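**Student:** Whatever this is, show me its structure:
(one chain, ligands or ions: 1)
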Amino acid sequence: MSKSSSLDVISSLCKRRGFIFHSSEVYGGINGFWDYGPMGCEMKRNIKEDWWRFTVRNREDVAGLDATIIMHPAIWKASGHLDTFSDPMSTCRACKKLMRADQVWDILTDGEIGQSLTALLAEGADAARIAGWCKGKAKGLAPNLAAVLDADALTAAFEAVKADPSLAATVQALYTLLANAKGPQPAVTPCPYCGGELTEPRPFNLMFKTIVGPVEDPSNVAYLRPETAQAIFAQFQNVLATSRQQVPFGIAQMGKSFRNEVTPRNYTFRSREFEQMELEYFIRPDEAVALICGKVITLADSPDLSTPQDAWGWEVWHKYWVEQRKAWIQACGLPADSFVEYWQKPEELAHYARACVDIQYSFPFGVQELEGIAARSDFDLSQHQKHSGKSMEVFDEPLKLAAAKLDDAARAAFVETVVADWTGRGKDADAARAFVAKLFEGKYVPHVIEPSAGVDRMMLALLCNAYEEQKLVDEKGKEDVRVVLHFSPRIAPVKVAVFPLVKNKPEVYNKAREVFEYLRRRYATFWDEGGAIGRRYRRQDEIGTPWCVTIDFQTLDDGTVTVRDRDTMRQERVTLEQLKAKLEEALIV
Ligand code: ATP
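**Tutor:** Numbering: from 1, shown residues only. Next up, the predicted model:
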């Protein structure tokens, strides 16, 4: 058995079997946009429904929201997206291609130039071979590279490698040398598509702009949301007032987001239109927890993360949500060893964030972010409070009662502790005092933990993980390859397929239709009456259908059907009652 998950193989299966198509394909497609076909949209719906059930319905402390894609532009000013939601972009002066400056080397390595240079290095890239490459293959691959265009630059590179072979130790080093051996100063970054010179990176805002109403005036500019989260903050007070929730509680939303990515790449991984599933889980500031509970449980206390506790501080809530998210990812079918937790280093964190974990999956193109779980302090709600002039504070009765029990000395000591802590973290002492004064009234702006996932990335990971090409040998010794998607039943686009053994015998056919009608009212069920049963099995294997049910003459006699298991390929005869029970057990969660 061989597991193959190259992106090309997967994308071609996805196209062939109706999972994913290039958007606007009949017009040549549009970069960064993807359509989900009959199988893809079922699968995507299953992922979203599973997330919603896990995050909202199965919990008492999370409420849902479905907000608009276009919102008041002031939201994006307050959130910081207008000023800072940008990627560094460079342009090639020669071929005019635009790209994210921080992805230049990834693009090079993934592309033909990178592959050709990798092969060259594998052969032992001495000066002569490098010269051969520049005069041969590189003319077609990297025509604008200095060492390809200019004999002097090639000679300089040649000399440099002779003097110090380590200059040609990696693809990046060698390519940079071939662009710069003769100057210019400062060194240029070569274009990963043609070898030309890239411009200095400049920030490019990723939000799509649009005009609201008929008048094309700057005052009517609005943006397609680049994330679903901000609506949750903007509607925080409305949801709080109508959901009978109290901190700690969460608000969840999923839906389309749009980012004008400079270089959409790796199939659906980085798209310009995609879907997110986001939760903002609001918690008490640690200082409020300390007043109410007399202590704050931190990770150093090695807490049991299975049941939330009042005394948990932000650190424990954050870790709790990392564990919850991992549990969901695994329940969807990604094995624990296929993804890792990446804890962002302090210097990588946004200035307001206290911690951020990326769950990274081993995609065929590398280990990359599947979703992120960030502890964002009270930054978002405070920003909206500041910009909208509307209070984002909550009133917390137990906090007020706890504060009322403190005598003056205890209050003063508490103020001093908070001031010391805040100033130790570079924050303002007066702000700390004002914050504590509010706490004593039972008021604060909640802090938030944000698990933020992408539907499309999850689907891509599930496809990559599920794909397998199995080499089989039949009874006659004939070799064959079976392509199968091992989806977990809850994610599989079709749960069960029903086949009449023959279609020209009305009794068998009608009985099969009866079984099909029963099942389709409960689960995504597929009817297939065409071709040999073996071929029908294979068609279902390719879309990951866990069970195929065949109705034959024996069904008419004793009411049993044949159920064939996708993974083991074993067939068993069961009664219809047993079949119903089996599906119910596997699919009703
Ligand atoms: P990246 O660093 O990969 O650009 P990000 O850190 O900007 O991602 P977030 O803003 O944290 O992403 O968005 C949360 C989630 O939304 C991501 O983990 C991912 O699953 C999804 N997502 C973000 N951008 C895209 C995109 N362009 N295409 C598909 N999914 C995306």
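**Student:** make it CA atoms for all contacts and neighbour counts henceforth
**Tutor:** Fine.
**Student:** burial of the nearest residue to Arg566 once chain neighbours are set aside, as a residue count?
**Tutor:** In this structure, Arg566 finds its nearest non-sequential neighbour in Pro546, 5.0 Å apart by CA to CA, 6 or more residues apart in numbering. Neighbours of Pro546 under the rule other CA atoms under 10 Å: 26.
**Student:** just the one 5 residues further on next, same as before
**Tutor:** Around Ile551 there are 24 other residues, counting by other CA under 10 Å.
**Student:** which residues does the closest residue to it other than its chain neighbours contact?
**Tutor:** Spatial nearest neighbour of Ile551, excluding adjacent residues (CA to CA, 6+ apart): Pro500 at 5.0 Å. Applying CA atoms under 8 Å, 6 or more residues apart in numbering to Pro500 gives the contacts Val508, Tyr509, Ala512, Asp528, Glu529, Thr550, Ile551, Asp552.
**Student:** elements contacting the helix or strand where the second one lies?
**Tutor:** Under DSSP states H and E, the secondary-structure element containing Tyr509 is helix 506-520. Applying 3 or more CA pairs under 8 Å, 6 or more residues apart in numbering; DSSP states H and E, we find helix 506-520 packed against strand 496-500, strand 525-527, strand 547-551, helix 553-558.
**Student:** Which residues outside it are in contact with it?
**Tutor:** 498-503, 525-527, 550-553, 555-556.
**Student:** change it to 6 Å
**Tutor:** Pro500, Lys503, Ile551, Asp552 (CA atoms under 6 Å, 6 or more residues apart in numbering).
**Student:** And for stretch 192-212?
**Tutor:** 85-94, 101, 108, 142-145, 189-191, 220-224, 259-260.
**Student:** now, which of those lie within strands?
**Tutor:** Using DSSP state E, the members of those that fall in strands are Ser86, Asp87, Pro88, Met89, Ser90, Thr91, Val221, Ala222, Tyr223.
**Student:** Now list the buried members of these.
**Tutor:** Neighbour-count burial (16 or more other CA atoms under 10 Å) applied to these gives Ser86, Asp87, Pro88, Met89, Ser90, Thr91, Ala222, Tyr223.
**Student:** Among those residues, list the two that are farthest apart in space.
**Tutor:** Spanning the widest gap among those are Thr91 and Ala222, at 26.8 Å by CA to CA.
**Student:** host element of Val239?
**Tutor:** helix 236-243.
**Student:** Pull out the buried residues from that helix.
**Tutor:** Neighbour count says helix 236-243 has Phe236, Val239, Leu240 buried, by 16+ other CA under 10 Å.
**Student:** Then stretch 13-30?
**Tutor:** Under 16+ other CA under 10 Å, the buried positions of stretch 13-30 are Leu13, Cys14, Arg17, Gly18, Phe19, Ile20, Phe21, His22, Ser23.
**Student:** Also stretch 240-260?
**Tutor:** By neighbour count with 16+ other CA under 10 Å, stretch 240-260 contains the buried residues 240, 245, 247-260.
**Student:** This protein against the ligand: which residues are in contact?
**Tutor:** Within the chain, the positions near the ligand by CA under 6 Å from any ligand atom are 259, 269-272, 274, 276, 369-372, 452-454, 456-457.
**Student:** Which stretches in the stretch 251-400 of the chain count as strands?
**Tutor:** 273-283, 339-343, 355-363, 366-375, 394-395 (DSSP state E, counting those that start in this stretch).
**Student:** pLDDT (mean, whole number) over the one helix or strand Asp50 maps to?
**Tutor:** Using DSSP H and E, Asp50 falls within helix 38-52. Mean pLDDT, computed over helix 38-52, is 98.
**Student:** now that helix, how far from the chain's geometric center?
**Tutor:** 14 Å (CA atoms, centre = their mean, to the nearest Å).
**Student:** where does the protein dip in pLDDT?
**Tutor:** 1-5, 184 (pLDDT under 70).
**Student:** Swap in 50 and give it another go.
**Tutor:** Along the chain, the parts satisfying pLDDT under 50 run over 1-4.
**Student:** The residue nearest to Ile107 when sequence neighbours are not counted: neighbouring residues, count only.
**Tutor:** In space, and not counting its chain neighbours, Ile107 is closest to Pro192: 6.2 Å by CA to CA, 6+ apart. For Pro192, the neighbour count with other CA under 10 Å is 29.
**Student:** next one: Ala119
**Tutor:** Neighbours of Ala119 (other CA under 10 Å): 13.
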